[in-house]
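Novice: turn this into a model:
(one chain, ligands or ions: 1)
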Amino acid sequence: MSVLPPLKVSECFYSIQGEGPSAGVPAIFLRLSGCNLTCGGLNTCKTGELDNGATWRCDTIEVWLKGENVSPHNLILDWENKGWLHNIKNGAHIVVTGGEPLLQEDALVAFFQTLEVLIKKKLYIECETNGTIRPASDFDYFISQYNVSPKLKNSGMPKDKRINGHAIQFFKRSEKATFKFVIRARDEYDQLLGDYITPFNINKSKIMIMPAASSRQAFVLNSLPILELCKQENIRFSPRYQLLFWDKTTGV
Ligand code: SF4
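Specialist: Next comes the predicted model:
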């Protein structure tokens, strides 16, 4: 067997997709280590607190900060032992998430190629991304669905770090992409309009809004105003089933 580049993996688990256009679909989650943003503020990794005006914090930061190098062959063997290849053959999605999975684009392409040859069928791969990196064409070839979550000022990230116009244009044109924005209140919807919808002329049919929350209680509390906003603006609401069912537990 040829030596393929390793993936830096934080965790893998079989669950259902909790968010976005395919919420509810059974899926194998491949969470990769590392991100080019630190939502919650520039110092949030060190302090665990919100800073720089952030109103929410990445709920997986402590998970994607960790990770170990795994060869694609060993990852596939592990999935086979867990019975997940059988699930994939029967239609389960693969969700590559993070962190920011596009930071490991080349290793992912090698992994997808190897897995697709083994499974002998086209995989349904969802890529969850913060929308700051434009995918290369060999990566794009394997992706069935992009769940793009560009960040607003409420993430505590400076504008030059969280908005890459070339990447946003790519996802705007891609039929495979849906934008999923996390907001807590009406004024944050205005940020969304000002930073993305208006300047990039993004059609509202490509957008979903998800309430900011990092616990079941906060999700239930924050959902009603966001549901009302979705009704007023005719925009799709995104659930967060993982919070409803498993609260703060990740990797389930
Ligand atoms: S971009 Fe996503 S993974 Fe990265 S810090 Fe923000 S919420 Fe977390």
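Novice: contacting residues around the strand or helix carrying V117?
Specialist: Secondary structure assigned from DSSP states H and E places V117 in helix 105-119. With CB atoms under 8 Å, 6 or more residues apart in numbering as the test, helix 105-119 has contacts from 4-7, 32, 72-73, 75-76, 85, 88-89, 96, 101, 122-123, 125, 133, 135-136, 138-139, 142. Just so you know, the C-beta spots here come from the backbone N, C-alpha and C atoms, and that holds for glycine as well.
Novice: in this protein, which helix has the most residues?
Specialist: Across the chain, the helix with the greatest residue count (assigned by DSSP state H) is helix 216-233.
Novice: and the next element down the chain from that one?
Specialist: Counting by DSSP H and E, what follows helix 216-233 is strand 236-237.
Novice: which SSE is immediately downstream of that next one?
Specialist: Next along from strand 236-237, by DSSP H and E: helix 241-246.
Novice: show me what contacts whichever residue of the stretch 101-250 of the chain sits closest to the ligand?
Specialist: In the stretch 101-250 of the chain, the residue found nearest to the ligand is N130; the distance is 3.6 Å by CB to the nearest ligand atom. By CB under 8 Å, 6+ apart, N130 lies in contact with C35, N36, L37, E100, V148, S149, P150, K151, R162.
Novice: 6 Å instead, please
Specialist: Contacts for N130 were tallied using CB atoms under 6 Å, 6 or more residues apart in numbering; they are L37, E100, S149.
Novice: just put these in CSV and tack on pLDDT, distance to G194 and neighbour count.
Specialist: Below are the contacts of N130 laid out as CSV (pLDDT from 0 to 100; distance: CB to CB, whole Å; neighbours: other CB atoms under 10 Å):
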residue, pLDDT, distance to G194, neighbour count
L37, 97, 19, 19
E100, 98, 24, 20
S149, 97, 17, 21
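Novice: the ligand next: which of those are close?
Specialist: L37, E100 (CB under 6 Å from any ligand atom).
Novice: hmm, who's touching stretch 28-44?
Specialist: 8, 10-14, 45, 50-52, 54, 57-58, 64, 67, 84, 92, 94-101, 103-104, 130, 155-157.
Novice: what strand or helix carries C12?
Specialist: Per DSSP H and E: strand 7-16 holds C12.
Novice: other SSEs contacting that strand?
Specialist: Packing contacts for strand 7-16, counted by 3 or more CB pairs under 6 Å, 6 or more residues apart in numbering; DSSP states H and E, involve strand 26-32, strand 68-70.
Novice: just want the angle from the next helix or strand after the last one to strand 26-32.
Specialist: Yep, that's strand 68-70 we're talking about. Scanning forward in sequence from strand 68-70 by DSSP H and E, the next helix or strand is helix 72-81. Going by axes from the mean of the first three to the mean of the last three CA atoms, to 10 degrees, helix 72-81 is angled at 150 degrees with respect to strand 26-32.
Novice: what's downstream of helix 72-81, the next helix or strand?
Specialist: helix 84-89.
Novice: so what strands line up beside the helix or strand following that next one?
Specialist: Sequence-wise, the next helix or strand downstream of helix 84-89 (DSSP H and E) is strand 93-97. Sheet partners assigned to strand 93-97 using DSSP bridges are listed as strand 26-32 (parallel), strand 125-129 (parallel).
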